[in-house]
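Participant: What shape does this take:
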Amino acid sequence: MFDLVDIILFLLIAIIFSSRFFSSANRTNRNTNVSTTPIMINRRGGARIPSRRVPLIPPPNRDGEPAPPTLTSSYEARPEDIVEVKNILSKGRNLPPELVDMILDYAEYWACSATVIDYTNHPRNHISILGARPGQDQFLVRTEPLGLTKWSPSSQDLWRVESAPKQLEREYTQSDLERLIEGPISRLEHPFRKIVFDIVSCDQGWSSDRQNHGTYRGSFTWFDAGLERFDKDNKCSPECPDRRNSDSSSQAADIPTCAIRPVWPRVVPNEGGASGMRYHHELLPNPDHLIQRNKHAEKGFQHHHVEWSLEDDIDPKSPAAETLDEIGRGTGTGNGEFVRNLRYGDIITVWARSRFPGWSNNVQRCEIKVYWAF
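Facilitator: Got it, this is the predicted structure:
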């Protein structure tokens, strides 16, 4: 006799196969949808979900500098929660591992890390990135190294600012990183499934280009997604905040914060024969990294909710990509490549940008949520 649980599992499996079969034709249209409704984050688990971040901006000094922004990180579904559910389905129901992975993937029951930078406690309720100024390319926030739930930054001074513009010489191998992964390693070719960006921002609220007011055309304030990785050949200088005991056993398990290297934005040699490297920031939005433009000449703050999925399949040269451009997104971000290319230990960053005199990118809040499968 079948009990109720068996019947429910049978129906769920039938839904998975039927929906996967019939959904491919509609995938392109689905990927162009963008929600403008703010998402309320369910911080389930109470004390089980620790706050593991400190403000990106150093604390105020005695002269009354602005209070630092609020920055928090949390996990919606913990790795141990997912392992427990997988054990229930595989051992309690005798389902094969491949089918268990399909069930959890269809239900989107994935581990999730969320990192938020919030400037609402700033005296002006936001920060402003001004065009044609030295600070027109502003690092905002970075995720934790993807999947490395046992890693934590050894230097908050280095964690809250952009990484040093140094070339990535040698990446850590998967075996180096596996000791920092909690729970079983995913058997999926692409364990990272989705990135969700929630950004609250606006531009200066005026421009002489009146015909583009209220649209995303001619907008010169925007947000890019960057990428960082750890450099195994990193050498800590004696004055480095990360410098620790040279014990070999701890070095094998602990990757220092100063080992973070930018992959994008890329770094190039300094101009004029000067030694060292510098960031190369492009003049206009890069279609493969552009998360979202601000609406042109809109005074009020807007909330933009952007999702990148590994199943996205919009050709950057297709009409659907033109639709992405019309809603302020990068035409090369709808093909799923950014998500599919993610690896354990990767770090996603968000940069706020502004170009040309008179333009201002006013940022109130930015959140990154990354989902991955076990």
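Participant: Which residue ranges of the stretch 151-300 of the chain form strands?
Facilitator: Here the stretch 151-300 of the chain has its strands, by DSSP state E, counting those that start in this stretch, at 192-202, 221-230, 260-264, 267-269, 277-279, 290-293.
Participant: Nearest to Glu307 among those strands would be which one?
Facilitator: Counting by CB to CB, Glu307 lies closest to strand 192-202 out of the strands of the stretch 151-300 of the chain; the figure is 5.2 Å. (C-beta placed from N, C-alpha, C; glycine too.)
Participant: quick one, that closest one and strand 221-230 angle?
Facilitator: If you take axes from the mean of the first three to the mean of the last three CA atoms, to 10 degrees, strand 192-202 sits at 140 degrees to strand 221-230.
Participant: Give the partner strands of strand 192-202 in its sheet and their orientations.
Facilitator: According to DSSP bridges, strand 192-202 forms sheet pairs with strand 302-309 (antiparallel), strand 360-372 (antiparallel).
Participant: Output that strand as PDB, restricted to C-alpha atoms.
Facilitator: C-alpha atoms of strand 192-202 as PDB (Å, rounded to 0.1, in the frame of the first residue of the first chain):
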ATOM      1  CA  PHE A 192      25.800  27.600  -8.400                       C
ATOM      2  CA  ARG A 193      22.200  28.100  -9.600                       C
ATOM      3  CA  LYS A 194      21.200  31.800  -9.200                       C
ATOM      4  CA  ILE A 195      22.200  35.300  -8.200                       C
ATOM      5  CA  VAL A 196      19.700  37.900  -7.100                       C
ATOM      6  CA  PHE A 197      20.500  41.600  -6.900                       C
ATOM      7  CA  ASP A 198      18.300  44.100  -5.100                       C
ATOM      8  CA  ILE A 199      19.400  47.700  -5.500                       C
ATOM      9  CA  VAL A 200      17.700  50.800  -4.200                       C
ATOM     10  CA  SER A 201      19.100  53.900  -6.000                       C
ATOM     11  CA  CYS A 202      18.500  56.800  -8.300                       C
END
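Participant: quick check, distance from that strand to the centre of its chain.
Facilitator: 7 Å (CA atoms, centre = their mean, to the nearest Å).
Participant: again with stretch 167-176
Facilitator: 20 Å.
Participant: Can you give me the end-to-end span of it?
Facilitator: By CA to CA, to the nearest Å, the extent of stretch 167-176 from end to end equals 20 Å.
Participant: which outside residues touch that stretch?
Facilitator: Outside stretch 167-176, the residues that touch it by CB atoms under 8 Å, 6 or more residues apart in numbering are 229-233, 255, 261-263, 267, 277, 343-345.
Participant: what number of residues lie near the closest residue to Pro265 other than its chain neighbours?
Facilitator: Of all residues not flanking Pro265 in the chain, Tyr279 sits nearest, at 5.1 Å (CB to CB, 6 or more residues apart in numbering). By other CB atoms under 10 Å, the residues close to Tyr279 number 16.
Participant: residues contacting Tyr279?
Facilitator: 137, 162, 165, 262, 265-267.
Participant: likewise Asn335?
Facilitator: Asn335 is in contact with 312-316, counting by CB under 8 Å, 6+ apart.
Participant: one more time with 10 Å
Facilitator: Neighbouring residues of Asn335 by CB atoms under 10 Å, 6 or more residues apart in numbering: 31, 288, 308, 312-316, 318, 321.
Participant: rewinding a little: quick check: which of the strands paired with strand 192-202 is buried the most?
Facilitator: strand 360-372 (a mean of 23; mean count of other CB atoms under 10 Å).
Participant: quick one: it to chain centroid distance?
Facilitator: Using CA atoms, centre = their mean, the distance between the centre of strand 360-372 and that of its chain works out at 8 Å.
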